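1. Show me how the following folds:
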Amino acid sequence: MNALSRRQFLGTTAAAAALPTITTAAKPKFRLNYILSSSMYGRLPLKEILPEVTKTGADTIDIWPAVHGNQREQIEAMGHDAFAAMLRAHKTAKGTLRMGCITRYDLGPFGLQKEIAFAKKFGTKLMVCGGRGRRGLTGPELKAEVKKFAEMMKPHLEAAEAAGVTIAIENHSSNLINTPDSLKWLAELAPSPHLGIALAPYHLESLGVDAAGHAALIKALGNRIAMFYAWQHGMGCSKKLPKKQELLQMPGRGKLDFTPILGALKAIRFTGDTSIFMHPVPRGIPILDTAAQCTTEINRARTYLEKCLAKV
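-> As a prediction, this is how the structure comes out:
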């Protein structure tokens, strides 16, 4: 009996050892993927801005044209090859510095075809612009207008898909895509995953959306969000204010609590870009006098965001 029991025991042990090991892989720690918007430095030359990218915790740069900056025009002036060489000269934790986004409000959603080819040349995966259509609508009229816009985007999205680019529409003021409802309709009616959303709390705050409202909207939009602007309303950016008041647009300075907002981004496992952002007055100047001061202010805001993220 003892020998039989031993044989049974050894057989059972061997069978158990042959079974696949079941492990629960821990989710990777959630982090924000920072991108640096060139417009934060006004019209400073790219040779001064590019060294600042990694200093701000970013791996990529978002290139803006006039009037907010003029780095897109600088690229044309120096030539594409020269710009590519400038990017290669700067390294990040992920390798060579990349142009991660091109912002072109000036071209609008139906004027991006040539710019998509430029983006493809540099391996850029994201372009941001505003929507197009009748404004100030609500209810069924709003849904119908957003649907019309989404249909009109189809040929442009085909070109974007072929180039591996996502076109993200910002919820800009005085725009078809402005309110939470318009964003939800865009997410639902978008004919392609290459039509995304660039979410700007600044404009939602001006409509009375609080931090909890932002969080709920983020969860509703989910992976349609391609760009998140860490940007609040503060005292606005439409008229000249003392610098201290102007800077209230920056995270950690104004009244908006980013903790529930970042909690929502974590909940949807947001993988898009995060731009620490504001608009100076007038447009085209750096947010502070020097590149070093701009970087210091961006890093102050980033420290605040990371503290908020640690709470969730």
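2. got the CA coordinates for stretch 228-241 in PDB?
-> Extracted as PDB, the C-alpha positions of stretch 228-241 are listed here (Å, rounded to 0.1, in the frame of the first residue of the first chain):
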ATOM      1  CA  PHE A 228      -4.900  65.800 -24.500                       C
ATOM      2  CA  TYR A 229      -4.100  69.500 -23.800                       C
ATOM      3  CA  ALA A 230      -3.100  70.000 -20.100                       C
ATOM      4  CA  TRP A 231      -4.600  73.500 -20.300                       C
ATOM      5  CA  GLN A 232      -7.200  75.300 -18.300                       C
ATOM      6  CA  HIS A 233      -9.100  78.500 -18.700                       C
ATOM      7  CA  GLY A 234      -7.700  80.600 -15.900                       C
ATOM      8  CA  MET A 235      -8.500  84.100 -16.800                       C
ATOM      9  CA  GLY A 236      -8.600  83.400 -20.500                       C
ATOM     10  CA  CYS A 237      -6.200  84.200 -23.400                       C
ATOM     11  CA  SER A 238      -8.200  86.700 -25.500                       C
ATOM     12  CA  LYS A 239      -6.800  89.900 -24.000                       C
ATOM     13  CA  LYS A 240      -3.500  91.100 -22.600                       C
ATOM     14  CA  LEU A 241      -3.200  90.400 -18.900                       C
END
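3. Please tell me I have it right and Ile287 contacts Cys294.
-> Yes: with the criterion set as Cβ atoms under 8 Å, Ile287 and Cys294 qualify as a contacting pair; they are 5.4 Å apart. All C-beta spots, glycine's among them, are computed from the backbone N, C-alpha and C.
4. Which neighbours do those two have in common?
-> Both Ile287 and Cys294 are contacted by 40-41, under the criterion Cβ atoms under 8 Å, 6 or more residues apart in numbering.
5. All the strands of the stretch 201-312 of the chain, residue numbers only.
-> Applying DSSP state E, counting those that start in this stretch to the stretch 201-312 of the chain gives strands spanning 225-230, 273-276.
6. gap between the two ends of stretch 236-250?
-> Stretch 236-250 has an end-to-end distance of 11 Å (Cα to Cα, to the nearest Å).
7. What residues of that stretch count as buried?
-> Of all the residues in stretch 236-250, those buried under the rule 16 or more other Cβ atoms under 10 Å are 236-237, 241, 246-250.
8. What are the contacting residues of that stretch?
-> Looking at what lies outside stretch 236-250 - Cβ under 8 Å, 6+ apart - the contacts are 202, 206, 231-235, 253-254, 276-282, 287-288, 297, 300-301.
9. and with 6 Å instead?
-> Here stretch 236-250 makes contact (Cβ atoms under 6 Å, 6 or more residues apart in numbering) with 232, 234-235, 253-254, 278-279, 281, 301.
10. What average pLDDT does that stretch get?
-> Along stretch 236-250, the predicted local confidence has a mean pLDDT of 97.
11. Same check on stretch 87-98?
-> pLDDT averaged over stretch 87-98 gives 95.
12. What are the buried residues along stretch 150-163?
-> Going through stretch 150-163 with 16+ other Cβ under 10 Å, the ones that come out buried are 150, 153, 156-157, 159-161, 163.
13. next one: stretch 180-196
-> For stretch 180-196, a neighbour-count test (16+ other Cβ under 10 Å) marks 180, 182-187, 189-190, 192, 194-196 as buried.
14. can you check stretch 141-151 too?
-> Of the residues in stretch 141-151, those buried by neighbour count under the rule 16+ other Cβ under 10 Å are 142-143, 145-147, 149-150.
15. Which residue is the nearest non-sequential neighbour of the residue nearest the centre of the chain?
-> Taking Cα atoms, centre = their mean as the criterion, Met227 is the residue nearest the geometric centre of the chain, at 2.0 Å. Ranked by Cβ to Cβ, 6 or more residues apart in numbering and with sequence neighbours excluded, the top spatial neighbour of Met227 is Ala198, at 3.9 Å.
16. and stretch 33-44, how far from the chain's centre?
-> Taking the mean C-alpha point of stretch 33-44 and that of its whole chain, the gap between them comes to 13 Å (Cα atoms, centre = their mean, to the nearest Å).
17. no no, stretch 209-218
-> Centroid separation for stretch 209-218 versus its chain: 17 Å, with Cα atoms, centre = their mean.
18. I'd like the mean pLDDT over that stretch, please.
-> In the prediction, stretch 209-218 has an average pLDDT of 98.
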